[in-house]
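> Okay, predicted coordinates and the sequence, questions at the end:
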2 protein chains.
Amino acid sequence: MSLKALDYDSINENVKKVAYAVRGELYLRASELQKEGKKIIFTNVGNPHALGQKPLTFPRQVIALCQAPFLMDDPNVGLIFPVDAIARAKHYLSLTSGGLGAYSDSRGLPGIRKEVADFIQKRDGYPSDPELIYLTDGASKGVMQMLNTIIRNDKDGILVPVPQYPLYSAAISLFGGSLVPYYLEESANWSLDIKNLYQSITEARRRGVTVRAMVIINPGNPTGQCLSESNLREILEFCINEHLVLLADEVYQQNIYQDERPFISARKVLFDMGPPWSKELQLVSFHTVSKGYWGECGQRGGYFEMTNIPPKTVDEIYKVASISLSPNVPGQIFLGLMVNPPKPGDISYLKYEQESKAVLESLRRRAHIMTDGFNSCRNVVCNFTEGAMYSFPQIRLPPRAIEAAKKAGKVPDVFYCLKLLEATGISTVPGSGFGQKEGVFHLRTTILPAEEDMPQIMVSFKKFNDEFMEQYEDYRGYSRM
Amino acid sequence: MSLKALDYDSINENVKKVAYAVRGELYLRASELQKEGKKIIFTNVGNPHALGQKPLTFPRQVIALCQAPFLMDDPNVGLIFPVDAIARAKHYLSLTSGGLGAYSDSRGLPGIRKEVADFIQKRDGYPSDPELIYLTDGASKGVMQMLNTIIRNDKDGILVPVPQYPLYSAAISLFGGSLVPYYLEESANWSLDIKNLYQSITEARRRGVTVRAMVIINPGNPTGQCLSESNLREILEFCINEHLVLLADEVYQQNIYQDERPFISARKVLFDMGPPWSKELQLVSFHTVSKGYWGECGQRGGYFEMTNIPPKTVDEIYKVASISLSPNVPGQIFLGLMVNPPKPGDISYLKYEQESKAVLESLRRRAHIMTDGFNSCRNVVCNFTEGAMYSFPQIRLPPRAIEAAKKAGKVPDVFYCLKLLEATGISTVPGSGFGQKEGVFHLRTTILPAEEDMPQIMVSFKKFNDEFMEQYEDYRGYSRM
């Protein structure tokens, strides 16, 4: 019998090669258990509102008015909306032709791209060109578009940190390229040793791979480290020397939980270096409304900014973006609001500030509770979450646990995380989903469960873990870094 | 000097091969003219709200409340929102965990997929399974995902109607497949002659192409025809015999402007055929909130439904969808509202009905005004727009006009459309962007300009066209079908 095009054996092999653990075996099992009535704590995805974070009020007021502009003709509107929200809604509607129901330009609304450029200029101290800023349905879509533009065949390599956010490995598989790993140093707080980069690229070239681009995730996902200015400078020099495009995933730039290493954009460091360097490096930077203290994941708003990309390539990227017509317009407005929030003196300013601070300060406390909690467990070590929204503890598995996993046909950390899920309802992602050094095991959890639930979650984790370690203890030593 | 990965000569060749005329040369020139202060009538994209169509009130009320759920705690909410909108907003919020700011499942919210399944069952008379319905950021994204799943290499062919909506040619180029054209019969009201299909597939196979899928657009874009039940049945039999996946683009199913040929879904015809046929054909059907009388393009809401696709393939499609986490949640709610609108007895029912009818009846009148207008012009012939939202007149160009175009380095219909744009501000898409038979020329315009403006637009078109024909007339005959 002839195979049909959508029979499994007949579909695009690159589709099959994709692995995306954030919604993989653990998530699917957790969804099943939830259906059966078990209480599940979903910490597999950085999805703050799903775990109880409230949306900021002001942007939601503005978007509600933009969606229902007829409300502004209602004499009672002032009873339930503040005047600055009404003014801002009118501003955004004036930037569209046809309101939120009309496709925008495929790059996004020009007026909002201008707001993004102003935000970048203010953040970095260097002007930004709105023509080089493209709005997207969330940052992931932008990353995928750039990788699709860069990757030509399976000999094209992309340097990706390991551990990494699996968007990168998944998209590289889908577009048929080669992932070239560089390892972050867990024992040095997940820092990036530039020697590892040279080693990785040399090794890849020996295998005949043309390394074309490098990904950094700063602050790190799943690893939570913040890159220092000097480290960023080394990375930029490396990319310039090796003719690599730098893809700077900076979606967690608002999520910083220490004061020693504030967020600095790759673009700022590049421009600080000055010419000829600053005119040399092809850099694409990504940001989103899904993270930060906004956490507006479901709205799917993001942008990428291109630096030193030739105009003909920019046109090609525009053309491909136009195939799906336009990013969703409400998401674009959220982005405008994020980069241009209420200012001192605005009626909504105080409330906005209070709400934002409350989110961020609570996240900072939760980062500490989690790190401390993990470090109090038997055979668990965990770096502090300096930024982003994840904790990535190393789980030192006894050999008997690894053997039991093998017997069950599972990767050892998957085995551990499944047991954790069944015992406690905590749904994490095994470290193998992000990549890790051979023989070392981790899990990723978000720091997003409600602060008041956090102590209990850590108690229940500790109970499970310590019993697990007790059960499989065999005094032959452990997996370790 | 070494090329960098984003230098034009160095990027993915498939990206360069993409052509997408709907936002191509004409659109770019129109945007320039607009910047210079010229009044442009954008009829290049089916973007109703941009041309003045008002959104339906009820869905916008519901979405505003979903975006700002705290409004429902305001004692004054009843002054500006009807109770059924409030109830519906509560219903949708009960389907999410975390409201509109949380990622949903990558396939969309289960509760809304259930509403879509109910709608399909009611429409077709056969049950539909929510597990086989995936929500998307607009229909285009779904089409792209399916093509990416099907296409393995440049020997994989997809049968596409010519003229076609260029999403198909663009996506096939991007994913490195082969477009296999089948021609619609302009002289028979753009109907599909099944003999042409056999001819196309035979010809493609002779070139070594493995034809894997067939696209139908019903109602037609840009051609506006509605497929009859018997024609659909022939198509289904053809696909079954030839082991092809059928991709049924049915996004214009609400846009019908005659009573003889109502919309019938490919799925209904398949199920009417009964087993074994109904269990044989791999069918994927697409729909959206962007078209119909909704026209909510900017919200990016759509779905696809899979019929007879093996579960393992469905899982792969789920996995790839999960890379970009979830379609935007507000767009999902619009889709829920579209498939489950107010019912008789609901407070908002009458208003909703009036608004919907007004849009549809006006579109029907505009379809007539446009067809009649084109047919009154010298050397222009145009089939009536039975459905969808486009008019696709043939422009019979005199040889001297074709020569003048060549001299200017333009494809003849691009030359004509550019002149039309400069003279009148009417921004159309040349027929060459959709594909047409050799030596025959068209343009596509939407029927969306405001009804009151329509007569003047047709007068200004006729004036331009007739003067153009006068200028290039040379009595040697014309391009023709």
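Yep, that arrived.
> And the closest residue to A:Glu25 other than its chain neighbours, which helix or strand is it part of?
In this structure, A:Glu25 finds its nearest non-sequential neighbour in A:Val414, 6.4 Å apart by Cβ to Cβ, 6 or more residues apart in numbering or on different chains. (Each C-beta comes from the backbone N, C-alpha and C, glycine too.) The secondary structure element spanning A:Val414 is helix A:412-424 (assigned by DSSP states H and E).
> Work out the gap between that helix and the centre of the chain.
Averaging C-alpha coordinates over helix A:412-424 and over its chain gives two centres that are 24 Å apart (Cα atoms, centre = their mean, to the nearest Å).
> where's A:Gln332 relative to A:Ser106, distance?
Here the distance between A:Gln332 and A:Ser106 works out to 12 Å (Cβ to Cβ, to the nearest Å).
> Those two: which is more packed in?
Of the pair A:Gln332 and A:Ser106, A:Gln332 is the one with more neighbours under other Cβ atoms under 10 Å in any protein chain shown, namely 33 against 21.
> what's the helix holding A:Val414 in contact with?
When contacts are defined by Cβ atoms under 8 Å, 6 or more residues apart in numbering or on different chains, helix A:412-424 is touched by residues A:25-26, A:29-30, A:33, A:40-41, A:395, A:397, A:401-402, A:404-406, A:408, A:410, A:426-432, A:441-443, A:457, A:460-461, A:463-465, A:468, A:479.
> at 7 Å what do you get?
Counting by Cβ atoms under 7 Å, 6 or more residues apart in numbering or on different chains, helix A:412-424 makes contact with A:25-26, A:29-30, A:395, A:397, A:401-402, A:404-405, A:408, A:410, A:426-428, A:430-432, A:441-443, A:460-461, A:464, A:468, all of which sit outside it.
> and those, which of them are in strands?
Secondary structure from DSSP state E places A:395, A:426-427, A:430, A:443 of those in strands.
> which of those has the most neighbours?
A:Leu443 leads the ones in strands among the contacts of helix A:412-424 on contacts (other Cβ under 10 Å) with 29 neighbours.
> in stretch A:85-96, what counts as buried?
A:85-86, A:88-89, A:91-93, A:95-96 (16 or more other Cβ atoms under 10 Å in any protein chain shown).
> Quick one: residues contacting the residue nearest to A:Lys279 when sequence neighbours are not counted.
Nearest-residue entry for A:Lys279: A:Asn308, 6.3 Å, with adjacent residues in sequence omitted and distances by Cβ to Cβ, 6+ apart. Taking Cβ under 7 Å, 6+ apart as the definition of contact, the neighbours of A:Asn308 are A:279-283.
> Just the buried subset of these, written out for PyMOL, thanks.
The buried subset of those, as determined by 16+ other Cβ under 10 Å, is captured in PyMOL by this line:
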select buried, chain A and resi 280+281+282+283
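> Can you pull the domain assignment for chain A?
Here the domain assignment for chain A is A:9-39+A:353-472, A:99-339, based on automatic domain parsing.
> and the residue of the stretch 301-450 of chain A nearest chain B?
Using Cβ to the nearest Cβ, A:Val329 is the residue of the stretch 301-450 of chain A that sits closest to chain B, at 3.6 Å.
> my guess is that residue meets B:Cys297, correct?
No - with contact defined as Cβ atoms under 7 Å, A:Val329 does not count as touching B:Cys297 (8.6 Å).
> More neighbours: which of these two?
For A:Val329 versus B:Cys297, neighbours defined as other Cβ under 10 Å are more numerous around A:Val329 (32 against 28).
> Run through the residues that contact the more buried one.
A:96, A:100, A:104, B:298.
> again with A:Leu197
Contacts for A:Leu197 were tallied using Cβ under 7 Å, 6+ apart; they are A:182, A:238.
> Also A:Leu246?
Contacts of A:Leu246 were listed using Cβ under 7 Å, 6+ apart, and they are A:214, A:216, A:236, A:239, A:266, A:281, A:283.
> how many neighbours does the first one have?
When you say that, I think you mean A:Met214. Residues contacting A:Met214 under the criterion other Cβ under 10 Å number 24.
> Follow the chain on from whichever strand or helix holds it and name the next helix or strand.
Under DSSP H and E, the secondary-structure element containing A:Met214 is strand A:210-217. Following strand A:210-217 in sequence order, the next helix or strand is helix A:229-241 (DSSP H and E).
> Give the next helix or strand downstream of that next one.
Once the chain leaves helix A:229-241, the next helix or strand it forms, by DSSP H and E, is strand A:245-249.
> what's the pLDDT at A:Arg205?
Confidence at A:Arg205, expressed as pLDDT, is 97.
> nope, A:Ser31 is what I meant
Turning to A:Ser31, the model gives it a pLDDT of 89.
> Please apply the same query to A:Tyr349.
At A:Tyr349, pLDDT is 98.
> close enough to count as contact, it and A:Lys343?
Yes - between A:Tyr349 and A:Lys343 a contact is recorded at 6.2 Å, counting by Cβ under 7 Å.
> rewinding a little: without its sequence neighbours, what residue ends up closest to the residue of the stretch 301-450 of chain A closest to chain B?
B:Gly298 (3.6 Å).
> Assign a three-state SS to that neighbour, would you?
Taken by DSSP: H, G, I helix; E, B strand; the rest coil, the conformation at B:Gly298 corresponds to helix.
> Going by distance to A:Leu147, which of the contacts of A:Asn308 wins?
Distances from A:Leu147 to these, taken as Cβ to Cβ, are shortest for A:Gln282 (13.8 Å).
> B:Tyr8 is in contact with that closest one, correct?
No - assessed by Cβ under 7 Å, A:Gln282 is found out of contact with B:Tyr8, at 11.8 Å.
> Can you lay out the buried residues of stretch A:85-96 as CSV showing distance to chain B and secondary structure?
Conversion of the buried residues of stretch A:85-96 to CSV gives the following (distance: Cβ to the nearest Cβ, whole Å; DSSP: H, G, I helix; E, B strand; the rest coil):
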residue, distance to chain B, secondary structure
A:Ala85, 10, helix
A:Ile86, 13, helix
A:Arg88, 14, helix
A:Ala89, 11, helix
A:His91, 17, helix
A:Tyr92, 12, helix
A:Leu93, 12, helix
A:Leu95, 12, helix
A:Thr96, 8, coil
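> show me the contacts for the residue lying closest to A:Met389 once chain neighbours are set aside.
In this structure, A:Met389 finds its nearest non-sequential neighbour in A:Gly46, 4.9 Å apart by Cβ to Cβ, 6+ apart. Applying Cβ under 7 Å, 6+ apart to A:Gly46 gives the contacts A:291, A:389-390, A:446, A:448.
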